[in-house]
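Colleague: Need a 3D model of the sequence below.
(4 chains)
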2 protein chains.
Amino acid sequence: MSTAPLDFSRLKPKGGKRSSKREQIVNVFLRQEGHLSADDLVDIIRKDDRRVSRATVYRTLQWMVDAGIARKVDFGEGRSRFEHSYRQPRHFHLICQTCHRSFEFLSSDVELLIEEVATARRFSPAKSVVQIYGSCEDCREGRKASADDGHSDLVFARDALRIAIATERSGLEFYTRAAKVTRDARARVVFDHLASEEKEHLGKLEARYAELVQRDRLLESRPTFLFFKGAASGIFAEGTEKLLHGNDQQALLIGIKCERGSHRFFKKYGEQFEESEGKQIFLEFADEEREHLDLLMREYRALVKRQGKAGRAGRAASGPRAGAR
Amino acid sequence: MSTAPLDFSRLKPKGGKRSSKREQIVNVFLRQEGHLSADDLVDIIRKDDRRVSRATVYRTLQWMVDAGIARKVDFGEGRSRFEHSYRQPRHFHLICQTCHRSFEFLSSDVELLIEEVATARRFSPAKSVVQIYGSCEDCREGRKASADDGHSDLVFARDALRIAIATERSGLEFYTRAAKVTRDARARVVFDHLASEEKEHLGKLEARYAELVQRDRLLESRPTFLFFKGAASGIFAEGTEKLLHGNDQQALLIGIKCERGSHRFFKKYGEQFEESEGKQIFLEFADEEREHLDLLMREYRALVKRQGKAGRAGRAASGPRAGAR
DNA sequence: CTAGGTGCAAATAATTTGCAGAGGC
DNA sequence: GCCTCTGCAAATTATTTGCACCTAG
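Modeller: Numbers count the residues shown, from 1 in each chain, chains lettered A, B, ... in the order given. Presented below is the predicted three-dimensional model:
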């Protein structure tokens, strides 16, 4: 993460004056990594400047939370901790009960399930907390705290690429197979087109991944930060099965579902990040998926039209809803 | 939930004497539902007996946590709350930020994902916390707190049955289709057998569900407590697809995966509960799934043997591991 | 009789607040 | 000069502890 001081002049929650103390505290906070308690921060600040009041630190932390620079997290220790939230998406935590370090991860799959539960319970979720308490590898093996979590923009970009690649592979397999088995000539053209697109993208993504790994030799050994099975995880298989039974329409619906899922995923995380390589990859990929989605939707509609009153299958699956712009 | 006092003589954490105060506090706590703060409990206790010290309540709460009667939960309010843990599995929470009520749910799917993340990060999880903060339906629609959460043994039994039924249906479909398309005569016998078993179980389960609903007219309208897609959610489709490609071995593996998944699920929750109807259903079902699993495993081994060195596919999928006893 | 259990009041611990003075605009 | 920030000390809140006393086994 960059250590250069940032421009917070626009981050003032209501108004608030430029003040040396506040600026100093904010800068020190942003320079730290991990999850600091108010007291940790006081200690660090006091190394620089003996006469900083505890109250000011608490007030500044509250100000940072309001300004969206910091996020309050509670690991059940009876006191709050604070983490950066500027340029960081919300994430979940692994908390070691032995060394009290905490590690971050993000799982779109978990988020999806949480949304499903909330919907089923007619609950409007505002934020969710997922914390895994236990012991980390270092503690179990008696090691002292080893290398840092390595959670950097590069890791994020790496995971973004891995997921994009897995999604492309899965899509490529589906469209290739689809083009082979479909009985509908027009659909075959679409599937062929999509298959060749996936192939091309796949090549680009793999090259980009190789380039990324080049930049940091240890990158591939760093722990996964971002988890998402989504479209890459066998959902397409369902579609192929439908095709084999001659149900092109249902197969298209499944393709649509997959593309929409990955479009949403990449869009969402792309928007949460700022100015990083991961963000770029995410947004580019979101666009590509969007195009595929549109294409499939057009094709689906055309197919339904051609098949006339073959709308039975469409009704059963409730049809494709409006796009996820 | 029963309001009859229970026998806590064996629940003493180390030793500890029978004392009127402690027993009184424990009984009052168990009679309450929801998530009480220490202070809530003090207020309630003091209605009965004016001279109970705050300290004693705190000490008794700690004792209950040690004894496994209570569980401490932290909803980030700066104070702890306590919930029953006796005869209650660990669960997750929906927390309304408006009315400050909290609701419970359980999602095996979320637990599975959490385990995957922990494994990927080489972390040994001890417990996990999932909290969804937001606003409940009552608050959004300006209603006052409506009917209770209705989280009772009956709801648990209902959800258990629903999941069991969905699993049976999915399995029935798979085995029926499998019996139809497999080219292997011996496998067909096994699939036929399993299909007829699933059909029989399905009938029983549906009758039992109807009987359950009979007992409480509102039961079906109560919110879902237990979420699990597991084997019921299209995983079997993957298996059918393999079969269609003539890969009986892979199809069997997928059947094994599904049966194992549901066996584990029912075993796990069956063991967490005590003496309830839900527990019975879970354990019975776990046994049935176990039998199917064993049958499939035997068949898988026989098939591999018959096919001689056709072990390539088996290697690719790493084969079925030892049973989940 | 003796190990706990209990009440009361004091001690901690994290965080907040009142208020007078300092400092930016 | 006004309005906000800051430091300090006092207040607040949740929880724990020391200690003298009480009670069950």
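Colleague: Would you mind listing what in the stretch 51-200 of chain A touches DNA strand D?
Modeller: Residues of the stretch 51-200 of chain A found near DNA strand D (CB under 7 Å from any atom of the strand) are A:Arg51, A:Val52, A:Ser53, A:Arg54, A:Ala55, A:Thr56, A:Arg59, A:Thr60, A:Gly78. Every residue, glycine included, has its C-beta placed from N, CA and C.
Colleague: helix, strand or coil for the second one?
Modeller: Okay, so that is A:Val52. Put simply, A:Val52 is coil when judged by DSSP: H, G, I helix; E, B strand; the rest coil.
Colleague: for the residue in the stretch 201-325 of chain A positioned nearest to DNA strand D, what are its contacts?
Modeller: Of all residues in the stretch 201-325 of chain A, the one sitting closest to DNA strand D is A:Glu274 (24.8 Å; CB to the nearest atom of the strand). Counting by CB atoms under 8 Å, 6 or more residues apart in numbering or on different chains, A:Glu274 makes contact with A:Arg87.
Colleague: Wasn't it part of a strand?
Modeller: No. Assigned with three-state DSSP, A:Glu274 falls outside any strand and is coil.
Colleague: Look at A:Ser146 and tell me its secondary structure.
Modeller: Secondary structure assignment for A:Ser146 (three-state DSSP): coil.
Colleague: now the helices: where do they sit in the stretch 101-250 of chain A?
Modeller: A:108-120, A:137-140, A:153-181, A:185-215, A:235-244, A:248-272 (DSSP state H, counting those that start in this stretch).
Colleague: In terms of mean pLDDT, which of these ranks lowest?
Modeller: In terms of average pLDDT, helix A:235-244 trails the rest of the helices of the stretch 101-250 of chain A, at a mean of 73.
Colleague: Can you name the residues in contact with that helix?
Modeller: Residues contacting helix A:235-244 (CB under 8 Å, 6+ apart): A:170-171, A:173-174, A:177-178, A:181-182, A:248, A:250-251, A:254-255, A:257-258, A:261, B:234, B:237-238, B:240-241, B:244.
Colleague: Just want the most central residue of chain A.
Modeller: The centroid of chain A falls nearest to A:Tyr269 when counting by CA atoms, centre = their mean (4.2 Å).
Colleague: quick one: that residue and A:Gln280 touch, right?
Modeller: No. Between A:Tyr269 and A:Gln280 there is no contact under CB atoms under 8 Å: 11.7 Å.
Colleague: pLDDT of the longest strand seen in chain A, averaged?
Modeller: Secondary structure of chain A read by DSSP state E shows that its longest strand is strand A:124-135. Mean pLDDT, computed over strand A:124-135, is 97.
Colleague: Let me see the contact set for A:Leu172.
Modeller: Listed by CB under 8 Å, 6+ apart, the contact set of A:Leu172 reads A:Ala195, A:Glu198, A:Lys199, A:Leu202.
Colleague: How about A:Ile95?
Modeller: Going by CB under 8 Å, 6+ apart, A:Ile95 touches A:Phe75, A:Arg101, A:Ser102, A:Phe103, A:Gln131, A:Ile132, A:Tyr133, A:Gly134.
Colleague: What is the neighbour count of the second one?
Modeller: Okay, so that is A:Arg101. 16 (other CB atoms under 10 Å in any protein chain shown).
Colleague: Return the residues of the stretch 51-200 of chain A in contact with DNA strand C.
Modeller: Checking the stretch 51-200 of chain A against DNA strand C by CB under 7 Å from any atom of the strand, the hits are A:Arg54, A:Ala55, A:Tyr58, A:Arg59, A:Gln62, A:Gly78, A:Arg79, A:Ser80.
Colleague: Between the residues you listed, which sits nearest A:Phe156?
Modeller: Closest approach to A:Phe156 among these (CB to CB): A:Ser80, at 25.6 Å.
Colleague: Excluding chain neighbours, give the residue nearest to that closest one in space.
Modeller: Ranked by CB to CB, 6 or more residues apart in numbering or on different chains and with sequence neighbours excluded, the top spatial neighbour of A:Ser80 is A:Lys72, at 5.1 Å.
Colleague: again, but for A:Ser85
Modeller: Spatially, and ignoring its direct neighbours in sequence, A:Ser85 is nearest to A:Arg71 (4.0 Å; CB to CB, 6+ apart).
Colleague: how distant is stretch A:122-137 from the center of its chain?
Modeller: Relative to the centre of its chain, stretch A:122-137 is centred 15 Å away, using CA atoms, centre = their mean, to the nearest Å.
Colleague: Can you list the buried residues in that stretch?
Modeller: A:Phe123, A:Pro125, A:Ser128, A:Val129, A:Val130, A:Gln131, A:Ile132, A:Tyr133, A:Gly134, A:Ser135, A:Cys136 (16 or more other CB atoms under 10 Å in any protein chain shown).
Colleague: Pipe these into CSV and attach distance to A:Val26 per row.
Modeller: Putting the buried residues of stretch A:122-137 into CSV (distance: CB to CB, whole Å) gives the following:
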residue, distance to A:Val26
A:Phe123, 35
A:Pro125, 30
A:Ser128, 27
A:Val129, 25
A:Val130, 28
A:Gln131, 26
A:Ile132, 30
A:Tyr133, 30
A:Gly134, 33
A:Ser135, 34
A:Cys136, 30
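Colleague: just those that are near chain B?
Modeller: Among those, the ones lying near chain B by CB under 8 Å from any CB of the partner chain are A:Phe123, A:Pro125, A:Ser128, A:Val129, A:Val130, A:Gln131, A:Ile132, A:Tyr133, A:Gly134, A:Ser135, A:Cys136.
Colleague: Specify which member of the residues you listed is nearest to B:Thr224.
Modeller: Set against B:Thr224, the nearest of those by CB to CB is A:Phe123 (11.6 Å).
Colleague: what about the closest residue to DNA strand C within the stretch 101-250 of chain A, how many neighbours?
Modeller: Relative to DNA strand C, the nearest point of the stretch 101-250 of chain A is A:Ser102 (15.4 Å; CB to the nearest atom of the strand). For A:Ser102, the neighbour count with other CB under 10 Å is 20.
Colleague: which residues in the stretch 1-150 of chain A form strands?
Modeller: In the stretch 1-150 of chain A, the strands defined using DSSP state E, counting those that start in this stretch lie at A:36-37, A:70-73, A:81-84, A:92-96, A:102-107, A:124-135.
Colleague: Out of those strands, which gets nearest to B:Val28?
Modeller: Among the strands of the stretch 1-150 of chain A, the nearest to B:Val28 by CB to CB is strand A:124-135 (29.4 Å).
Colleague: Was I right to think A:Ala231 contacts A:His263?
Modeller: No. Applying CB under 8 Å as the test, A:Ala231 and A:His263 come out as separate, 9.4 Å apart.
Colleague: Can you give me the pLDDT of the residue of the stretch 101-250 of chain A closest to DNA strand C?
Modeller: pLDDT for A:Ser102: 93.
Colleague: same check, this time on the one 5 residues further on
Modeller: Each residue has a pLDDT score; the one for A:Ser107 is 95.
Colleague: Quick check: it touching B:Leu113?
Modeller: Yes. A:Ser107 is in contact with B:Leu113 according to CB under 8 Å; the separation is 6.1 Å.
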